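**Student:** Output the structure for:
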Amino acid sequence: MAITVTDPRPINRAEEILTPKALAFVEELHNRFAGTRNELLAARAAKRQQVAETGKLDFLPETQDVRDGDWRVAPAPAALQDRRVEMTGPASPAKMAINALNSGAKVWLADLEDASTPTWANVIDAILNLRDAAQGTLSYTSDEGKEYRLRTDAPLAVVVARPRGWHMQEKHLLLNGEPAVGALVDFGLHFFHIAKQLVLNGQGPYYYLPKMESHLEARLWNDVFVFAQDYLGLHQGTIRATVLIETIPAAFEMDEILYELRDHASGLNAGRWDYLFSIIKYFRDAGEEFVLPDRASVAMTAPFMRAYTELLVKTCHKRGAFAMGGMAAVIPNRRHPEVTEAAFEKVRADKTREANDGFDGSWVAHPDLVSTCREVFDSVLGDKPNQVDKQRPEVSVTAEQLLDVSSADGQVTEAGLRLNLYVAVAYTAVWLSGNGAVAIHNLMEDAATAEISRSQVWQQIRNKSILADTGNTVTKELVERILGEETERLRTEFGDEAFRRYYQPASDLIADICLSDGYTDFLTTPAYELVG
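**Tutor:** Okay, the predicted model is just below:
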């Protein structure tokens, strides 16, 4: 197999990352694992089609022995014992990386996935920044002369990197003329350049694994880890992985996913926004009972979401793994104290529920929210680093409870439809400009929330949903009209130049995928073709 780099110098110092030895490692990962990845993606589609025909999803009978077995994951390393606050955000640009490392959070989810547009420059810059951070040399000086340096007065956040999901490609690395697997590129470059330095630092190469839909996909990651550690001569178990349970089929395989990764597993995370997206995607043509109300009204207290999170905590703690809470999307606005106060209160309520349920920590999207999350978990944990000892034997979750989407309070409204279209276009435009995370109306939007927005529109058209506030039926014609109005609104907000470069292409893309008879599995797949 021959590997080709289409652009060997997308940024300054790229040659430090795209070395012959690093590329040889990435090539070997593809030789060994890309074929299995392709088979597993095909299996996803086949299973989704089967579920669409039956409207049913259940725990796997063939893995009953794993769910009933008495086993635990490997003990967590010292650096990951306390994860009460995790800051999330992209690893590029350097300024954001430094702010995250300095934030006071215990962990930084260094995101190469949903909060990052995978331009080739961003991919390489992220690896450079993470390597510099591990070596203690990461710094940045703004055009105005403001300097950003890693703090020395307190511990930096422990880095847990999130590579792209199995479905994404990397078009700037070609193997026999075909695009590389984004996940193997991200993991391969990160692990090859940074793993040994992290071990010397008393930590290790730690990862968040996104978008998985089965324990067989977790098995593939475990095989990658075993090979990679042997390749660099590291002890087996040096790598630790936390899996995002952010797809509905994965919710039925939590035990099995941990079991496959048990020598490398650190925990599971309740990736709530992608989880909602996955429910819509998986049951998009299963009828009106699977149509969610407006996104803003779907609370974590909805019975089907409670079933999901309580099962996650029970499963993790039974297996000696950490249960990590999800993202509260609200963020403060320093120019508007009333918005900031409301954000603090919503985050406090969200984190209080998680801490009391037994979660060992949770996510925040803004440095100003770190202290709020920490205070909540401090009040529950006290001097303990986690609450893995809090078992939940009283929790018993059925397949029917996980799928009880109709239990969610709220309605489908035209106001919600309009907001979905606005957010989908606004986020996609920013994504096309190279930024994967953006505040819209004081909410932190990333690819997951945009995916919910555009998927709800498609599903509502499919089901001819009746809008509670206007009585209108959702049709392609109605969506076209509202999309046009919201697109014009964005033109007035951001000006003709930005509109021409980013917002009009974004609107065209959202129109294509919302109005198409076929469903697009991931918004980022066609969007990726529009970026460099």
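**Student:** all contacts plus neighbour counts: C-alpha atoms, from now on.
**Tutor:** Noted.
**Student:** Can you give me the neighbour number for Asn38?
**Tutor:** By other CA atoms under 10 Å, the residues close to Asn38 number 13.
**Student:** From Ala45, how far off is it?
**Tutor:** 11 Å (CA to CA, to the nearest Å).
**Student:** Then Pro249?
**Tutor:** Note on Pro249: its distance to Ala45, by CA to CA, is 12 Å.
**Student:** In terms of packing, which of those two has more residues around it?
**Tutor:** Taking neighbours as other CA under 10 Å, Pro249 and Ala45 compare with Pro249 leading, 23 against 13.
**Student:** and the more buried one, what is it in contact with?
**Tutor:** By CA atoms under 8 Å, 6 or more residues apart in numbering, the contact set of Pro249 is Leu57, Glu213, Ser214.
**Student:** switch to 6 Å and redo it
**Tutor:** Applying CA atoms under 6 Å, 6 or more residues apart in numbering, we find Pro249 in contact with Glu213.
**Student:** Check the secondary structure at it for me.
**Tutor:** Under DSSP: H, G, I helix; E, B strand; the rest coil, Pro249 falls in the helix class.
**Student:** Quick check: pLDDT value at the nearest residue to Arg67 once chain neighbours are set aside.
**Tutor:** With sequence-adjacent residues excluded and distances taken as CA to CA, 6 or more residues apart in numbering, Arg67 is closest to Asp255, at 5.8 Å. At Asp255, the pLDDT value in this model is 98.
**Student:** Are we agreed that Asp255 is in a strand?
**Tutor:** No. Assessed with three-state DSSP, Asp255 is helix; it does not lie in a strand.
**Student:** Start the count at 26 instead of 1 going forward.
**Tutor:** Sure thing, new numbering starts at 26, so read that last one as Asp280.
**Student:** Quick check: it vs Leu241, distance?
**Tutor:** 12 Å.
**Student:** Skip the chain neighbours and tell me the closest residue to Gln529.
**Tutor:** The shortest distance from Gln529 to any non-neighbouring residue, by CA to CA, 6+ apart, is to Thr512 (7.5 Å).
**Student:** Return the distance of stretch 117-130 from the chain's centre.
**Tutor:** Centroid displacement of stretch 117-130 relative to its chain, using CA atoms, centre = their mean, to the nearest Å, is 18 Å.
**Student:** where in this protein is pLDDT low?
**Tutor:** Across the chain, the ranges flagged by pLDDT under 70 are 26.
**Student:** Grab the most central residue of it for me.
**Tutor:** The centroid of the chain falls nearest to Asp139 when counting by CA atoms, centre = their mean (5.1 Å).
**Student:** Find the nearest non-adjacent residue to that one, please.
**Tutor:** Excluding the flanking residues, the one nearest Asp139 by CA to CA, 6+ apart is Ala472, at 5.0 Å.
**Student:** From Lys196, how far out is that neighbour?
**Tutor:** 19 Å.
**Student:** can I get the CA coordinates of whichever strand or helix holds Val148 in CSV?
**Tutor:** Under the criterion of DSSP states H and E, Val148 resides in helix 145-160. Taking Å, rounded to 0.1, in the frame of the first residue of the first chain, the C-alpha atoms of helix 145-160 are listed here in CSV:
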residue,chain,number,x,y,z
TRP,A,145,-6.2,19.7,6.9
ALA,A,146,-4.7,22.7,8.6
ASN,A,147,-6.8,22.2,11.7
VAL,A,148,-5.9,18.5,11.9
ILE,A,149,-2.2,19.1,11.8
ASP,A,150,-2.3,22.1,14.1
ALA,A,151,-4.2,20.1,16.7
ILE,A,152,-1.6,17.4,16.8
LEU,A,153,1.2,20.1,17.0
ASN,A,154,-0.6,21.9,19.8
LEU,A,155,-1.1,18.6,21.8
ARG,A,156,2.5,17.6,21.3
ASP,A,157,3.8,21.1,22.4
ALA,A,158,1.5,20.9,25.4
ALA,A,159,2.8,17.5,26.4
GLN,A,160,6.3,18.9,26.1
